[in-house]
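S.K.: for reference, the sequence and a predicted model appear below.
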Amino acid sequence: MIDSSLFRLTNNATLTDRQVTRHRTNGTFILDYKNDWWEAKFFNLLSIKNDDVINRANQFRFNSTASPEQYLQTNNIAEWRTTTRTHTFQNTFRFGASKINVDLSHTYAEVNMDDQTFPLIDITPGNLPINSLKNAQPTFLMDQFGGPDSLNIPNTFLQEFALGNRQLIDKGYDARIDYEWSFTTSGILSGKLQAGGKYHKLVRTSNGTSQYSSFQWGGGGANRNSLVNMFPEIGLDLNAQRGIAANYFVDPNYDPGEFLNGRYELGWGADLDYLQSMQSQFYPDGGVYFERGADTYRRDYEATEELYAGYIMTELNIGSKLMILPGVRYEDMSTNYFAYHVTTNSGATGIEPNPDSVTTDRHNAKWFPSVNLKYKPTDWLSVQGAAYASTTRPSFRQISPYVQYSTTSDNFSSNNPYLEPASAWNYDLGVSISKPKLGLITVYAFYKVIDDLIFNMPNYAPAKDSLMMNGPDDLADRLLPEDYYDEGQIKLASKTSLPFNNPERAQVYGIELSWQTSFWYLPGALRGLVLDINWTLLNTRTEYPYFNDVVVDVDSSFFVPKKIFGLGYETREGQMVDQPSSILNIILGWDYKGFSARVSYRYQSRTLNSLDARYSVSDTYYDTFSLVDLMLKQKITKNISCYANLTNLTNHVDDYYWANSGTGTHMPTRAEFYGFRAQLGVKVKF
C-alpha cells in the first residue's frame, strides 16, 4: 500500500518565455610608475551594463478546484541599468630583502530597475478530473488540457496595470597592507616571513516602490472607465467584472518559436508595446494606483558591514626538498542592518499601516590557523598536504531583519539577523607526477568538517521556544526567541521557516584526479595538441533537523484535560545541497601557428537542489548534464586577432525534479533552456 502523502497533484505548469537584450560598455584607464624601490599603479574601471528583459509567464492551471480559472498570462517588462566604478591605487616598496605592498580601493555600484507588469486571466473553468493530476507529467496534462489551442481569448481579461522601481547602491572601501621579508641562513634553511592586515567596508542601500491599478470587480470600475475614456478604441463591456477584454491587446506578430527544445508549445502573446504606451499615459493621473505595501517595504533597507583582518605566515624551505608553511589569520566582522516588520492584510495596499522599522547589529570574530607542506623527493615527484580553517558567511538576504506577518494566516516569513558564519576544518593530501612526455598528473584526497552550516529550520513556532524537547543544549540560542517578534502577531500556532546554524556536523570527502599534457613530441601539426582532464568524486553527509508536534504536558484545568503541544527536535540524514557526487571536465586543444582551438566537455552528476528536512520524498534534484563548448581564435597580426566562442552545442536543457513519488517516476519542478549561443569578436591591442 502506498502512502497517500507520496502522491503529488500537478496543479499547474508555468511556461516562461524570457528575452534579454544586453548592451555592455567597459573601459579602463591605468597609470603606472616604477623606479628602483617603488612601483605604483593607478587602476580605474568603468562598466555600464543595460539589460532590457521581457518575461512572458504562461500558467496553465489543471486543478479547477484550487484555481477555477484555466490560464494566467503575466507579462513583465524590466529595464535594468547597472553602473560600476572601481578605483585602485597599488603600491610596492622594496627595501633590501623586504617588500611592502599597500593597496587602496573604492568601488561604487548602482543598479536601477524600472518594470511594468500586465496580467491577463482566462476565466474559462478547467475540466480535468482531480484524479488525473496525481503524479501526472506536465506534458501529458498539457495534451489533455488541449495546449494553447484550448485558450479562450474572448473570455480573457486584463486584470491591472502595475509598475515598480528599485535602486540598489553599493559603496565599497578597502585598504590592505602586506609585508614580506625573505631570508637565508648559512645552513639549509631559507624562506619568507609574511604579515599583513586588511580593512573592508561595504554600505548597501536599497529603495523601491511597487504600485498597481486594478480593473477588476466593483473596485476597479472607475479605473476601467478612465482607461476607456483615454483609449476609446478598446471599448467597455459593462458586464465584464474581471477586467478589460484581452482581444484588444493581442499581438498578431508574437512568435515564441520552439519552446524548451520542442517539449511544449506556447500560444498567443500580448502586445506589450501597446500596453506600455497605454500605462505611460494612464499613470499617474489617469487612474487610481495603490502601493503594494509588502513589496515596497521589502525593497527598502540599508546594511553596513565592516571587516578587520590580519595574518602572519612563514614559508620555511628546509633544503631543496621540504617546504613548510604555517600561518594564522584573524577576522573581525560587524554588520548593521535596517529593515521593516510588516503585516499583510486583504486591503488595497496589502499591509497594515505604519510598519515598524527595525535595526539589528551582529558581530563575529574568528581565528583561522593553517599549515601547508610540500615534499619533493625527486625532480618528478612531489607530495603536498594542508590543514586549514575556513568560513562561509550568510548572505545579506539571510541576515535581513525583515519580517512579514499576516492577518489571514498563522504562517509568517522571517530571516535571522544573528546568524553566525559556518566554519570548517579542511584536510588535503595529494601527489603530483611531472614528466616531459607524460605531462602533469595529480591525485588529491580531501576531507572537510563543517560546523554551524546554515540551513532553514521548517515549522519553527517562536511562541513555543520554551517547549522544545530532545534538542541540543544550545538549540534555543541558535533560534530567534519569541520576544524578537511582535507579541501582537505571534500566536501559539504561528510558524515560519527560519535560517539558523545547524547544530549537526556536516562532512565532505572525496578525491580529485587531474592530467595536463601537451603532445609536443608528435610529428608535424600534431605537436600542437593539448589535453586537460579533471575529475572530482565527492560524498557529503549531514543531519537535517526538523520539529514534530509532541505532547509536553496536560492542562487539567478544563473539564476534559487538554494536551499541551511543544516542539520535538528530530533529524534525518541527507546529502548537502548543491554538491554533485561527480564532476568531469575535459579540454582538448590544438595550437598551430596563429590558430588556437579548444573543445571542452563538462559532465555533472545529479545534484541535490533543495530538500525537505522531514521527508526525503520531497527533495528536489538538478539532473545529470553534459555540456560541449567550442572556442576558436585566429591571430591576424601582432596586435589583431579574431575569436568565436560557441556554447551549448548539444542544446542542453536544465532539468529539476522530485526524484521520488508514489509511482517511482521523476516529477519535474522546473526546466530551463538557454539554447545554443555564439559570441564573435575582434580583439585589437594598442
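M.R.: Thanks, I have the structure now.
S.K.: wasn't P148 part of a helix?
M.R.: Yes. Going by DSSP: H, G, I helix; E, B strand; the rest coil, the assignment for P148 places it inside a helix.
S.K.: list the contacts for it?
M.R.: 265-268 (Cβ atoms under 8 Å, 6 or more residues apart in numbering). For the C-beta atoms, the positions are set from N, CA and C on the backbone; glycine is no exception.
S.K.: tell me, what's the model's pLDDT at it?
M.R.: Looking at P148, its pLDDT is 89.
S.K.: quick one on the thing from earlier: what's the ChimeraX line that selects buried ones from the contacts of P148?
M.R.: Here is the ChimeraX command that picks out the buried ones among the contacts of P148, judged by 16 or more other Cβ atoms under 10 Å:
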select :266,267,268
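S.K.: pLDDT value on the residue lying farthest from the centre of the chain, please?
M.R.: Here the centre of the chain is the reference, and by Cα atoms, centre = their mean the most remote residue is S186, at 54.3 Å. The per-residue pLDDT reported for S186 equals 73.
S.K.: now it, what's its secondary structure?
M.R.: Criterion first, three-state DSSP; result for S186: coil.
S.K.: now swap in N229 and tell me
M.R.: helix.
S.K.: which strand or helix spans the residue lying closest to Y375 once chain neighbours are set aside?
M.R.: Leaving aside its sequence neighbours, Y375 sits nearest to V383 (Cβ to Cβ, 6 or more residues apart in numbering; 4.7 Å). Per DSSP states H and E: V383 is located in strand 381-392.
S.K.: identify, from the contacts of P148, the entry nearest to L325.
M.R.: L266 (57.9 Å; Cβ to Cβ).
S.K.: who's in contact with the closest one?
M.R.: 15, 17, 56, 58, 148, 256, 259.
S.K.: three-state assignment of it?
M.R.: Applying three-state DSSP: L266 is coil.
S.K.: separation between it and I77?
M.R.: Plainly put, L266 is 17 Å away from I77 if you go by Cβ to Cβ, to the nearest Å.
S.K.: surely the residue nearest to Y375 and K374 touch.
M.R.: Yes. Under the criterion of Cβ atoms under 8 Å, V383 makes contact with K374 at 7.3 Å.
S.K.: those two: which is more packed in?
M.R.: K374 (18 against 14; other Cβ atoms under 10 Å).
S.K.: look up which helix or strand that one falls in, please.
M.R.: Counting by DSSP H and E, K374 is part of strand 356-375.
S.K.: any idea how far R204 is from the residue nearest the centre of the chain?
M.R.: The chain has S395 as the residue nearest its centroid, 9.9 Å off, counting by Cα atoms, centre = their mean. According to Cβ to Cβ, S395 stands 12 Å off from R204.
S.K.: for H106, same thing?
M.R.: Taking Cβ to Cβ as the measure, H106 falls 15 Å from R204.
S.K.: again, but for L15
M.R.: If you go by Cβ to Cβ, the gap between L15 and R204 works out to 35 Å.
S.K.: pick out whichever of the two has more residues nearby.
M.R.: L15 (21 against 17).
S.K.: element containing that one, please.
M.R.: L15 belongs to strand 12-34 when assigned by DSSP H and E.
S.K.: need the residues that contact that strand.
M.R.: So strand 12-34 is contacted by 39-63, 67, 138, 141-142, 256, 259-260, 264, 266, 269 (Cβ under 8 Å, 6+ apart).
S.K.: please list only the buried members of those residues.
M.R.: 39, 43, 53, 55-63, 67, 138, 141-142, 256, 260, 264, 266, 269.
S.K.: and L479, what does it touch?
M.R.: 457, 460, 462, 465, 498, 500.
S.K.: helix or strand for N456, which one?
M.R.: Applying DSSP H and E, one finds N456 within strand 454-460.
S.K.: need the next SSE after that strand, C-terminal direction.
M.R.: Following strand 454-460 in sequence, per DSSP H and E, is strand 468-469.
S.K.: touching, N261 and E672? I think so.
M.R.: No. The criterion here is Cβ under 8 Å, and N261 misses it with E672 at 10.8 Å.
S.K.: just give me the neighbour total for S423.
M.R.: Counted with other Cβ under 10 Å, S423 comes out at 19.
S.K.: let me see the mean pLDDT of the helix or strand harbouring it.
M.R.: According to DSSP H and E, S423 maps onto strand 422-435. Here strand 422-435 scores 97 as its mean pLDDT.
S.K.: and it, what other elements does it pack with?
M.R.: strand 381-392, strand 439-451 (3 or more Cβ pairs under 8 Å, 6 or more residues apart in numbering; DSSP states H and E).
S.K.: show me the contact partners of it.
M.R.: Contacts of strand 422-435 (Cβ under 8 Å, 6+ apart): 366, 380-393, 440-454, 501, 512.
S.K.: may I see the PyMOL selection of the buried members of those?
M.R.: Buried residues within the contacts of strand 422-435, by 16+ other Cβ under 10 Å, are selected in PyMOL with:
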select buried, resi 366+382+384+386+388+390+391+393+441+442+444+446+448+450+452+453+454+501+512
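S.K.: I399 should be in a strand, yeah?
M.R.: No. Under three-state DSSP, I399 falls outside any strand and is assigned coil.
S.K.: dump the residue contacts of it.
M.R.: By Cβ under 8 Å, 6+ apart, the residues touching I399 are 335, 337, 360, 362, 415-419.
S.K.: touching, T360 and V403? I think so.
M.R.: No. The pair T360 / V403 is not scored as a contact, 11.0 Å apart, by Cβ under 8 Å.
S.K.: between these two, who's got more neighbours?
M.R.: Using other Cβ under 10 Å as the criterion, T360 and V403 rank with V403 on top: 24 against 18.
S.K.: now the helices for this structure?
M.R.: For the chain, helices defined by DSSP state H occupy the ranges 138-145, 221-230, 272-282, 293-298, 475-478.
S.K.: would you turn these into CSV with mean pLDDT and distance to R677?
M.R.: Listed next are these as CSV, based on pLDDT from 0 to 100; distance: least, Cβ to Cβ, whole Å:
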stretch, mean pLDDT, distance to R677
helix 138-145, 90, 26
helix 221-230, 93, 40
helix 272-282, 96, 24
helix 293-298, 96, 33
helix 475-478, 93, 44
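S.K.: closest to L630 out of those?
M.R.: Using Cβ to Cβ, the nearest of the helices of the chain to L630 is helix 138-145, at 31.2 Å.
S.K.: could I get the phi/psi values of the nearest residue to Q241 once chain neighbours are set aside?
M.R.: Nearest in space to Q241, with sequence neighbours left out and distances taken as Cβ to Cβ, 6+ apart, is W217 at 5.4 Å. Main-chain torsions, W217, degrees, to the nearest 10: phi 50, psi -170.
S.K.: run a quick neighbour tally on W217.
M.R.: 11.
S.K.: tell me if I'm right that it and A240 touch.
M.R.: No. Counting by Cβ under 8 Å, A240 is not a contact partner of W217; they are 10.4 Å apart.
S.K.: what bridges to R22?
M.R.: Bridge pairing for R22 (DSSP bridges) gives the partners D51.
S.K.: next one: T83
M.R.: Here T83, judged by DSSP bridges, has bridge partners I48, E110.
S.K.: between N261 and E672, what contacts are shared?
M.R.: V653.
S.K.: circling back to that earlier point, quick one: the strand holding N456 to strand 381-392, angle?
M.R.: Angle of strand 454-460 versus strand 381-392, following axes from the mean of the first three to the mean of the last three Cα atoms, to 10 degrees, is 40 degrees.
S.K.: if we can go back for a sec, what's the angle between the strand holding L15 and helix 138-145?
M.R.: 140 degrees.
S.K.: follow-up on the earlier one: out of the contacts of L479, which one has the weakest pLDDT?
M.R.: Minimum pLDDT for these is recorded at D465 (87).
S.K.: mind listing what that residue touches?
M.R.: By Cβ under 8 Å, 6+ apart, the neighbours of D465 are 476, 479, 481-482.
S.K.: give me the distance between it and L492.
M.R.: Taken as Cβ to Cβ, the span from D465 to L492 is 11 Å.
S.K.: with P369 instead?
M.R.: 46 Å.
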